[in-house]
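1. give me a model of this one.
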Amino acid sequence: MTPGVVTVRPDASLVEAARLMRAQDIGDVLVADDWRVVGVLTDRDIAVRAVAEGVDPLAVPAEAVCTPRPVVVGPDDAAETAVELMREHAVRRLPVVEDGRPVGIVSLGDLALARDPDSALADISRTDPDARGRATR
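-> Sure, this is the predicted structure:
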């Protein structure tokens, strides 16, 4: 699990969410209403569900393009549980929720590190994003 969470309000604009992702160097945020997770918003969601459709990212709220009602796991759930849920629901990230509040996120990279630390995905996940460089700016 990656501890800590970055959240936006359901009514936050896509620009606000994207700027937060850039500032935190992350590819997703949780959409939360009073700390209750109502969705997961990824950089891909913004690109495919909004920008590619020609909508104004300043006028569209995060809740409109996020994946609603995400499947979640608890902090004490086994890695195998997360793998099964990701496979069953075809998702790459699972919010980790304890007592109704988000406390982290489990990603494919986290699972690769836990289950197969010598894999290419684990190597990529272990690397500092700044050390990888940027393909385009």
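
2. which positions in the one helix or strand Ala18 maps to come out as buried?
-> Assigned by DSSP states H and E, Ala18 falls within helix 14-24. Neighbour-count burial for helix 14-24 flags Leu14, Glu16, Ala17, Ala18, Leu20, Met21 (criterion: 16 or more other CB atoms under 10 Å). The way it works is simple: take the backbone N, C-alpha and C, and place the C-beta from them, glycine included.

3. which residues does the residue most central in space within the chain form a beta bridge with?
-> Geometric centre of the chain, nearest residue: Asp28, 3.5 Å, by CA atoms, centre = their mean. Per DSSP bridges, the residues bridged to Asp28 are Thr42.

4. repeat that for the one 5 residues further on.
-> Beta-bridge pairing of Asp33, defined through DSSP bridges, involves Arg36.

5. quick one: the helices in the chain?
-> Assigned by DSSP state H, the chain shows helices spanning 14-24, 43-45, 62-65, 79-89, 108-115, 120-126, 129-132.

6. any chance of these in a markdown table, with distance to Val55 too?
-> Listed next are those as a markdown table, based on distance: least, CB to CB, whole Å:
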| stretch | distance to Val55 |
| --- | --- |
| helix 14-24 | 8 |
| helix 43-45 | 12 |
| helix 62-65 | 8 |
| helix 79-89 | 26 |
| helix 108-115 | 28 |
| helix 120-126 | 32 |
| helix 129-132 | 28 |
